[in-house]
Structure formats: C-alpha cells, structure tokens
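[1] Below are the sequence and a predicted model; questions follow.
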Amino acid sequence: MILLTHAYFLHEDEREKAIMKPYPPLGILYISGWLEHRNVPHEVFDTTFSTKALFYRHLLEKKPAILAVYVNLVTKLNVLELIRFVKSNVVLYKTKIILGGPDVRYNADNLLGAGADFLVIGEGEETFYELSQALTGNRPFDEITGIAYRLPDGGVYQSPGRVLRKDLDELPFPNRKKIDFKPYLGVWKKHHGNSAMTVSTMRGCPYSCHWCSRGVYGQSYRRRSAASVVAEIKQVQELYRPDHLWFVDDVFTISHKWMQSFADELREQQVRPVYECITRADRLNTEVIRLLKETGCFRVWIGAESGSQRIIDLMDRRVDVQTVREMINKARLAGIEAGTFIMVGYPGETEEDIRETLRHLKASDPTFFTITITYPIRGTELYSEVESVSNVNRISWRHTTDRDIDFKRAYSKEYYQQAIQWIVSEMAFYQRKSKHLGAVPSAKAKLRSVKARMGMWWYKLKS
C-alpha cells in the first residue's frame, strides 16, 4: 500500500494557531490525482487536524509498503521524527520512505543520512509514479530521472533532473476527495466568517530574487490554460462552495494575455469566483488591475520586501519601489484590498534603509502587510552570499530549520526584532490617526513605537 502524507500538525504551530488560516496539502493531492489517473491504489493521510499519536497508530495498522512525505522548512523536524519512528519500529521494517518537496534538492545528503530511502527531486507526479512502480517491480532505479538515493558504498546517487512537463493541462486536478475538507472550511468560517480553498494555475517563477527558493520547479514559468483553470474553479465551487479562493501562484498577473483569456473564459462559462492572489508591481497596470477586479479579485498581494531601492537592488528584485507604491494605491482606488510583504535584516541593510521602509509603507498605505526578519534558505543566492563570507552561524541541521539560520548583519537579531515592532507600531499609529480611530488606541500605538525605538537604540549600542 502507498500512503501519502505531509507531517504538518496545526495544533503544534503556534504561529498558525494565532491566525487560523490552514490550507490543505495541494502538492500531495496532485500526486494522488496522478496515481489515480494511472490506476495505482493509494491512501492520503492528512495530518493537519490530526495528532502524531493517531498518525503513528495508523502507520502501525496499515504497514504501508511506501510512505511518501512532503517536506518543507516548516515540517522538516516532524519529518525527521517520523523517519526515526518508522526506522526504529520492527512492524514497519519493510516500509520505504520517499521524501519530496522544496527541502529535498539542497538537503539530499542530510535527508538520506537521516534515514529516507529515496528523494523525489523537482516536479513529482511522474517521478513518484515511476519510483513506486520500480519498488514493486524490476525496473532499475538508475533509469528514473529526478531521484536520489544512498549507494551501497555510502555515497549519494542523484539521477539527471526530470524534464519539466510543458503542458500542465495534461495533469488531473488535485484529488481533493481523498481528504476531508470540512475541518478546513469550518475553521475558516469560525475564525474569519468566510471559508477559503486553494487553486494553482501555474508552476515556477522566472524571476531571480536572491532570497527565494526554487527547489521544486526551478526558474521556469508554465501555465495551465484559462479553460482548465475555470473548469477547476467550477468544480470546486459546486462540490465545496468556499466563500473565496486563494491562487497559490508566485506571480498571478505575469501574463497579461492570460489574464484576458481568464476573464473571457469566466464570462463564457458564467463562473464568478472571489479570490486573492500574489503578484509583482511591474506586472500590474491600470488595465490589469481592471481585469483583476472584473474577475473577482478582492485582495492582491504586491511584493516589495523593502522600501529602500538600494536593498531591493541587492535582492535582485528588479522592480522600482515607486512602482510598488503606485500599484498599491491604484489597486486600493479600484476597490481591491492591497497587501504587501516586508523583510528586515537583509545583508547590508542600515538603519536608514529601515527608515526608508517605514516611509514607503506610509506612502503606499497598504491594507495589510506582513513583516519578518530575513533568513537564508539553503540553495538560494542569499544563502550562498552569506556562506561565502563565513557569516552563517553553524547550527545543528537535525534539530533546527532554515528559519533558525542566522548570519552576521549590520546589527544584532534583537535589533531587527525591535525594528519590526517599531515599524508595526508606527504604522498602527499612522493609520489610526489618519482614519480618526480614537485618541487612546493611537496613543497606545505611539507608546509601543517609542518603546521599540528605544530598544533599537539599546541593541545598536551593544552591537
């Protein structure tokens, strides 16, 4: 028996529990859809609302011949624990563990050393199918592209990369019937008043931002036809009736021609989704924003990462900060909520760059923004940059994730934590004051801002 899973447990994730916006494991549902298309019996165990105890009991009962696990930096530690459980339990001695996902390409030696039997590197549908057939038949493993495994002499064999599928319309829709969507829809409804589901229209990203991982699809761009996407939206709406959709694509408006086809197809099939998406400011203009509004977009996330053009250029973002501000404002004027992403602590960032980021946020005044401290993900240009100058703090790979990796910056990590509090508090003060939301909330926000500013000063002295 083949069992697909992802080892993510919502109840363990304090950050996610604070916002309660869980999404189903779309990646393994795509794998499931391909297996079903090829008439391969299998099961999916969705761990999101389960517990490790229940999951481990299920493994002992089912004794799967193949356990396929999606792994990323959020789930890595759970996956390593899962491998130890399987490999130490005599009942599961025949179980082969196959890992896939964004973490495997640049951690092959470590993951195989931790006990994984095989890795699926890159796009997974065909590779996993061929590997599962080889494990149950006589096909040599070294004929399969896109895998890695340990050789008898202890070395790692990695086969040539699989050629990426050009026509994504050939893939079945994610096999959503394999899991129970009621808990997802219910949690969203309970905590936010509306429910949400995910849809993918494209794979890959052709841009070269230094901090961004391209471990699965590489620097590619392939897209499903608008007709295929609308057919999936229609199916999702009929079966699950979510209040809105989240398009998980990296740059939803990358092709203006596709956006027009999408609008035409929605109109022709009389489908009206409500959705949010992510894009880049340089792939927006007045006409594209009109198409977003027309096709049902209620919220668009426009990447910025910094308000300092100098830092944006160091990231190789290839976008003008003035354009970002302009597009955020235009989206809001069109009646679309506009979110943006910010990170602080990028190599070379100074206090003036942080001030410029705050000025940028006030000038663009997004509906929402997220902010985090920069961390280098293995395999990215950012990681190579900080590693090349011996700035990466060496940490135990088996007990940490890439989020825990730190490096020498202009100031200490504590300084940037205070900087985040300063930016968040200053923006809260600015928005509450400009919208006349009350003197007391404004005063409290300003007090938090002053406290954080003093913290920045203190940690700057200690640096």
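    Looks like it came in fine.
[2] Surely Met197 touches Phe181?
    Yes. When contacts are counted by CB atoms under 8 Å, Met197 is listed as touching Phe181 (7.3 Å). (Each C-beta comes from the backbone N, C-alpha and C, glycine too.)
[3] ok, the two, which is more surrounded?
    A count of neighbours by other CB atoms under 10 Å puts Met197 above the other of Met197 and Phe181, at 24 against 17.
[4] after the helix or strand hosting that one comes which helix or strand?
    In this assignment (DSSP states H and E), Met197 forms part of strand 196-199. Proceeding N to C from strand 196-199, the next assigned helix or strand is strand 202-203, under DSSP H and E.
[5] any idea how far Ser388 is from Met343?
    20 Å (CB to CB, to the nearest Å).
[6] who has more neighbours, those two?
    Between Ser388 and Met343, counted using other CB under 10 Å, the more crowded position is Met343 (21 against 9).
[7] can you pull the contacts of the more buried one?
    Trp211, Glu305, Ser306, Ile371, Thr372, Ile373, Thr374 (CB atoms under 8 Å, 6 or more residues apart in numbering).
[8] Filter these down to the buried ones and hand me the PyMOL line.
    The buried subset of the contacts of Met343, as determined by 16 or more other CB atoms under 10 Å, is captured in PyMOL by this line:
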select buried, resi 211+305+306+371+373+374
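[9] Dump the contacts of Met343 to TSV, plus secondary structure.
    As requested, the contacts of Met343 are arranged in TSV below (DSSP: H, G, I helix; E, B strand; the rest coil):
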residue	secondary structure
Trp211	coil
Glu305	strand
Ser306	coil
Ile371	strand
Thr372	strand
Ile373	strand
Thr374	coil
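[10] is it true that His6 touches Thr75?
    Yes. His6 is in contact with Thr75 according to CB under 8 Å; the separation is 6.4 Å.
[11] Now for Met197 and Phe181: what residues contact both?
    Pro24, Tyr240.
[12] Show me where the stretch 351-463 of the chain has its helices.
    Taking DSSP state H, counting those that start in this stretch to define them, one finds helices in the stretch 351-463 of the chain at 351-364, 381-388, 413-434, 439-462.
[13] just checking, what packs against the first one?
    Contact analysis of helix 351-364 by 3 or more CB pairs under 8 Å, 6 or more residues apart in numbering; DSSP states H and E lists helix 321-333, strand 337-344, helix 413-434 as its packing neighbours.
[14] mind putting these in TSV, distance to Tyr70 and mean pLDDT included?
    Below are those laid out as TSV (distance: least, CB to CB, whole Å; pLDDT from 0 to 100):
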stretch	distance to Tyr70	mean pLDDT
helix 321-333	32	97
strand 337-344	24	97
helix 413-434	30	93
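[15] Of those, give the one that comes closest to His360.
    Closest of the helices and strands packed on helix 351-364 to His360 is helix 321-333, at 6.1 Å (criterion: CB to CB).
[16] on that earlier part again, and the contacts of Met343, which two are furthest apart?
    Trp211 and Ile371 (14.2 Å).
[17] And whichever strand or helix holds Arg310, what does it pack against?
    Using DSSP H and E, Arg310 sits in helix 309-314. On a contact count with 3+ CB pairs under 8 Å, 6+ apart, helix 309-314 meets strand 297-305.
[18] partners of the strand it packs on, with directions?
    strand 275-279 (parallel), strand 337-344 (parallel) (DSSP bridges).
[19] buried sites along that strand?
    Buried positions in strand 297-305, judged by neighbour count with 16+ other CB under 10 Å: Cys297, Arg299, Val300, Trp301, Ile302, Gly303, Ala304, Glu305.
[20] between the contacts of Met343, which is nearest Glu337?
    Nearest to Glu337 among the contacts of Met343 is Ile371, at 17.4 Å by CB to CB.
[21] To Glu268, which of the helices and strands packed on helix 351-364 lies closest?
    Per CB to CB, nearest to Glu268 of the helices and strands packed on helix 351-364: helix 321-333, 25.9 Å.
[22] for the closest one, the distance to its chain's centre please.
    24 Å (CA atoms, centre = their mean, to the nearest Å).
[23] what do you get for stretch 410-417?
    On CA atoms, centre = their mean, the centre of stretch 410-417 falls 25 Å from that of its chain.
[24] next one: stretch 379-399
    How far stretch 379-399 lies from its chain's middle: 20 Å, per CA atoms, centre = their mean.
[25] Kindly check the end-to-end length of it for me.
    19 Å (CA to CA, to the nearest Å).
[26] what's the average pLDDT for that stretch?
    Averaged over stretch 379-399, pLDDT sits at 80.
[27] In it, which residues are buried?
    Within stretch 379-399, the residues that count as buried by 16+ other CB under 10 Å are Gly379, Thr380, Leu382, Tyr383, Glu385, Val386, Val392, Trp397.
[28] any chance of those in TSV, with distance to Ala331 too?
    Compiled in TSV, the buried residues of stretch 379-399 are given as follows (distance: CB to CB, whole Å):
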residue	distance to Ala331
Gly379	32
Thr380	28
Leu382	28
Tyr383	32
Glu385	32
Val386	34
Val392	37
Trp397	41
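[29] Report the two of the residues you listed separated the most.
    Glu385 and Trp397 (19.7 Å).
[30] Tell me how far Ala134 lies from Ile66.
    The value you get for Ala134 to Ile66, if CB to CB is used, is 11 Å.
[31] Give me the more crowded residue out of these two.
    Under the neighbour definition other CB under 10 Å, Ala134 and Ile66 were set side by side, and Ile66 has more, 21 against 17.
[32] so the more buried one sits right up against Tyr129, yeah?
    No. When contacts are counted by CB under 8 Å, Ile66 is not listed as touching Tyr129 (11.3 Å).
[33] and stretch 343-351, how far apart are its ends?
    Terminal-residue distance, stretch 343-351 (CA to CA): 13 Å.
[34] how far out from the middle of the chain is that stretch?
    Computed by CA atoms, centre = their mean, the chain-centroid distance of stretch 343-351 equals 22 Å.
[35] List the buried residues of it.
    Met343, Val344, Gly345, Tyr346, Pro347, Glu349.
[36] swap in stretch 22-36?
    So, applying 16+ other CB under 10 Å, buried residues of stretch 22-36: Pro22, Pro24, Pro25, Gly27, Ile28, Leu29, Tyr30, Ile31, Ser32, Gly33, Trp34, Leu35.
[37] Give the rounded mean pLDDT of that stretch.
    Stretch 22-36 comes out at a mean pLDDT of 96.
[38] Also stretch 46-53?
    Mean predicted lDDT for stretch 46-53 stands at 97.
[39] Any chance you could list what contacts that stretch?
    5-11, 22, 24-25, 55, 78, 81, 179-180, 183-184.
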